[in-house]
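A.B. asks: From the sequence below, what's the structure:
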Amino acid sequence: MWSSDEAAPRMYFIPFPTPGHALPMSDLARLFASRGADATLVLTHANAARLGGPVARAAASGLRIRVHALSLPAEAAGLTGGHESADDLPTREDAGPFAVAVDLLAPLFADLLRRHPADAVVFDGVLPWAATAAPELGIPRYAFTGTGCFALSVQRSLLLHTPQERVVSPTEPFLVPGLPDAVQLTRSRLAEATLPGADSREFMNRMFDIERATAGWVVNSFAGLEERYMEHYEKDTGKPVFAVGPVCLVNSEGEDVLERGRGGETCAAVEAARVLGWLDTKPARSVVYVCFGSLTRFPREQVAELGMGLADSGANFVWVIGDKNAPPLADVDAAAGGRGLLVRGWAPQVAVLRHAAVGAFVTHCGWGAVTEAASAGVPVVAWPVFAEQFYNEALVVGVAGTGVGAGAERGYVWGGEELGGVVVGREKVAERVRAAMSDEGLRRRAGEMGERARRAVEVGGSSYEAVGALLDDVRRRRRHGG
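C.D. replies: As a prediction, this is how the structure comes out:
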């Protein structure tokens, strides 16, 4: 611990501009500010408007925290329309120019560091330039992983040992070597960068570059969920793991949780009230909450199968459809007979998961969703779509035992979902929802996980101590010149 007259550590937090990354990084910045850090959250202007509310309220309460907004160099990258977040892109063809625009933030961030030096930078692991910006300053960098140590360990093993290249079909199971548990996957359930024939060398080189650059891993996780994998990843990489989550628990029951991710939008409070008011009319644990994150766009035939499966399940449901422009689902409304609430675009997810009426969560298994479900003690119906989400499913279903699989044996190619057809049919949707809602053992294990999550962030808990350990590390490096 440091002396009371020692200056607060000055820390920058910079996420990739999409909700799945920016939301937990915003929570992270407020978490460290609450423990005495002087925190600056670096966002593009549009994301500052979205996420700035909780930061402003934290600053008004006396915490040393602020947002610094950078102008996204969109025009220089050939990106038009003022889009500053990956979930806001009108077409997937805009993803390339958007990625170029994000990379063009590098000199702006380096200039910020030179004008206002910091004691540490917590950077998004998909922004490698943030690890090397203004290197002459010697500022220690900590990589915010964006996912858990289980998925990171699986990915590292696949890249280094390539067991996926020794099976003959996409559906043949193989063992992922070197892990604390016997984890089996198939090629149809892998992130694209690890598939045979993919240009994985660039991905692997970037992984090793970040491992060399980082002073440690900042992970939105907690010991009660994946302690053995934290220890494994720490040993594998030779860098300390600071598991400080679930960071969503920094949000109280007020405006922070009700408008999370949609600050500055006048409709957010109205929509939150509509959803939570509907839940208030339902019995305890009678509602299944359905949301696939901000980037998933199912083909129309899969949307129809999912909707009819929810109707057939007999459960009440809140279904968040990410595409605001998706056509009406009159057949689903008719079949559900008033048991379903359809929400377009956004819902106050953390508040919904904490509501007593919610009994299960159908999710794409993005890491933010996994930790939010864990912190709320809600069982999961795991339906991975792309990236590392199948690895997260393996943790939730196979290791933690707090979820059931939806039956997705393959994912979609991001940007090419319309060609992917139906992955899970209505019968399987209905069956899996009923199974999750009725399994008392599953509910008990999920509830116990929620208790572990809450204990982790309390004074003396593992995540509370990890925040202190990282702050101590920053202070020590400052005293000794990096």
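
A.B. asks: contacts and neighbour counts: CA atoms only from here.
C.D. replies: Will do.

A.B. asks: Below-threshold pLDDT in the stretch 151-300 of the chain: ranges please.
C.D. replies: Counting by pLDDT under 70, the stretch 151-300 of the chain shows low-confidence ranges at 196-201, 203-204, 253, 263-266.

A.B. asks: pLDDT weak spots in the stretch 1-150 of the chain?
C.D. replies: Using pLDDT under 70, the stretch 1-150 of the chain drops low at 1-5.

A.B. asks: Helices of that one, start to end?
C.D. replies: 19-34, 45-60, 95-103, 106-115, 149-161 (DSSP state H, counting those that start in this stretch).

A.B. asks: Could you report the separation of the closest residue to residue 67 other than its chain neighbours from residue 124?
C.D. replies: Leaving aside its sequence neighbours, residue 67 sits nearest to residue 41 (Cα to Cα, 6 or more residues apart in numbering; 4.7 Å). Remark: distance between residue 41 and residue 124 (Cα to Cα, to the nearest Å) = 12 Å.

A.B. asks: Ok, residue 395 next?
C.D. replies: As defined by Cα to Cα, residue 395 lies at a distance of 22 Å from residue 124.

A.B. asks: ok, now residue 52?
C.D. replies: Here the distance between residue 52 and residue 124 works out to 18 Å (Cα to Cα).

A.B. asks: list the contacts for the closest residue in space to residue 94 that isn't next to it in sequence?
C.D. replies: Setting aside the residues directly before and after it, residue 94 is nearest to residue 79 in space (Cα to Cα, 6+ apart), at 7.0 Å. Contacts of residue 79 were listed using Cα atoms under 8 Å, 6 or more residues apart in numbering, and they are 94, 97, 98, 101.

A.B. asks: number of nearby residues for the first one?
C.D. replies: Right, residue 94. 15 (other Cα atoms under 10 Å).

A.B. asks: And residue 161, by the same measure?
C.D. replies: Under the criterion other Cα under 10 Å, the count of neighbours that residue 161 has is 12.

A.B. asks: Could you tell me which residues make contact with the closest residue to it other than its chain neighbours?
C.D. replies: Once its chain neighbours are removed from consideration, residue 161 has its nearest residue in residue 177; the separation is 7.5 Å (Cα to Cα, 6+ apart). The contact partners of residue 177, taken as Cα under 8 Å, 6+ apart, are 157, 161, 163.

A.B. asks: ditto for residue 117
C.D. replies: Listed by Cα under 8 Å, 6+ apart, the contact set of residue 117 reads residue 137.

A.B. asks: Likewise for residue 380?
C.D. replies: For residue 380, the set of contacting residues under the criterion of Cα under 8 Å, 6+ apart consists of 360, 361, 362, 363, 373, 396, 402, 403, 404, 436.

A.B. asks: CSV please, covering the residues you listed and showing distance to residue 350 and pLDDT.
C.D. replies: Formatted as CSV, the contacts of residue 380 follow (distance: Cα to Cα, whole Å; pLDDT from 0 to 100):
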residue, distance to residue 350, pLDDT
360, 13, 98
361, 11, 98
362, 14, 98
363, 13, 97
373, 8, 98
396, 18, 98
402, 18, 98
403, 18, 98
404, 20, 97
436, 19, 97
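
A.B. asks: Using PyMOL, define a selection of the buried residues within the contacts of residue 79.
C.D. replies: Those of these that count as buried under 16 or more other Cα atoms under 10 Å are selected in PyMOL with:
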select buried, resi 97+98+101
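
A.B. asks: Tabulate the contacts of residue 79 in CSV, adding columns for distance to residue 328.
C.D. replies: Compiled in CSV, those are given as follows (distance: Cα to Cα, whole Å):
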residue, distance to residue 328
94, 26
97, 31
98, 30
101, 34
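
A.B. asks: And the contacts of residue 79, which is closest to residue 262?
C.D. replies: Of all the contacts of residue 79, residue 98 has the smallest distance to residue 262: 20.9 Å, by Cα to Cα.

A.B. asks: My understanding was that the closest one contacts residue 72; is that so?
C.D. replies: No: here residue 98 lies out of contact with residue 72, judged by Cα atoms under 8 Å, at a distance of 9.2 Å.

A.B. asks: Between these two, which contacts overlap?
C.D. replies: By the contact definition Cα under 8 Å, 6+ apart, residue 98 and residue 72 are jointly contacted by residue 84.

A.B. asks: coming back round to it: ok, the residue nearest to residue 161 to residue 381 distance?
C.D. replies: With the distance defined as Cα to Cα, residue 177 ends up 26 Å from residue 381.

A.B. asks: what's the answer for residue 430, then?
C.D. replies: Using Cα to Cα, residue 430 is found at 11 Å from residue 381.

A.B. asks: Compare those two and say which one has the larger neighbour count.
C.D. replies: Counting neighbours by other Cα under 10 Å for residue 430 and for residue 381 shows that residue 381 has the greater number, 30 against 22.

A.B. asks: tell me the centre residue of this structure?
C.D. replies: When Cα atoms, centre = their mean is applied to the chain, the residue found nearest the centroid is residue 368 (2.8 Å).

A.B. asks: hang on, isn't that one packed against residue 20?
C.D. replies: Yes: using Cα under 8 Å, residue 368 is in contact with residue 20, at 6.4 Å.

A.B. asks: out of everything not next to it in sequence, what's closest to residue 364?
C.D. replies: Across the structure, with Cα to Cα, 6+ apart as the measure, the residue nearest residue 364 apart from its sequence neighbours is residue 384 (4.4 Å).

A.B. asks: Let me know how buried that neighbour is, in neighbour terms.
C.D. replies: Other residues near residue 384 number 28, with proximity taken as other Cα under 10 Å.

A.B. asks: wait, what's in contact with it?
C.D. replies: Taking Cα under 8 Å, 6+ apart, we find residue 384 in contact with 363, 364, 365, 366, 390, 393, 408, 411.

A.B. asks: doesn't it fall inside a helix?
C.D. replies: No: when the secondary structure is assigned by DSSP: H, G, I helix; E, B strand; the rest coil, residue 384 falls in coil instead of a helix.

A.B. asks: do you know how far it is from residue 299?
C.D. replies: Using Cα to Cα, residue 384 is found at 15 Å from residue 299.

A.B. asks: Quickly note the distance from residue 316 to residue 281.
C.D. replies: If you measure residue 316 against residue 281 using Cα to Cα, the figure is 11 Å.

A.B. asks: Of these two, give the one with the bigger neighbour count.
C.D. replies: Per other Cα under 10 Å, whichever of residue 316 and residue 281 has more neighbours is residue 316, with 25 against 9.

A.B. asks: For that one, list each beta-bridge partner.
C.D. replies: residue 287 (DSSP bridges).

A.B. asks: pretty sure it is touching residue 285, no?
C.D. replies: No: counting by Cα under 8 Å, residue 316 does not reach residue 285; the two are 9.6 Å apart.

A.B. asks: picking up where we left off before, and the residue nearest to the centre of the chain, what helix or strand is that in?
C.D. replies: Using DSSP states H and E, residue 368 sits within helix 367-376.

A.B. asks: pull the CA atoms of that helix into PDB?
C.D. replies: Only the C-alpha atoms of helix 367-376 are listed here, as PDB (Å, rounded to 0.1, in the frame of the first residue of the first chain):
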ATOM      1  CA  TRP A 367     -17.600 -12.200 -22.600                       C
ATOM      2  CA  GLY A 368     -19.500  -9.200 -21.300                       C
ATOM      3  CA  ALA A 369     -22.700 -11.100 -21.400                       C
ATOM      4  CA  VAL A 370     -21.100 -14.100 -19.700                       C
ATOM      5  CA  THR A 371     -19.800 -12.000 -16.700                       C
ATOM      6  CA  GLU A 372     -23.100 -10.100 -16.400                       C
ATOM      7  CA  ALA A 373     -25.000 -13.400 -16.200                       C
ATOM      8  CA  ALA A 374     -22.600 -14.800 -13.700                       C
ATOM      9  CA  SER A 375     -22.800 -11.700 -11.500                       C
ATOM     10  CA  ALA A 376     -26.600 -11.900 -11.600                       C
END
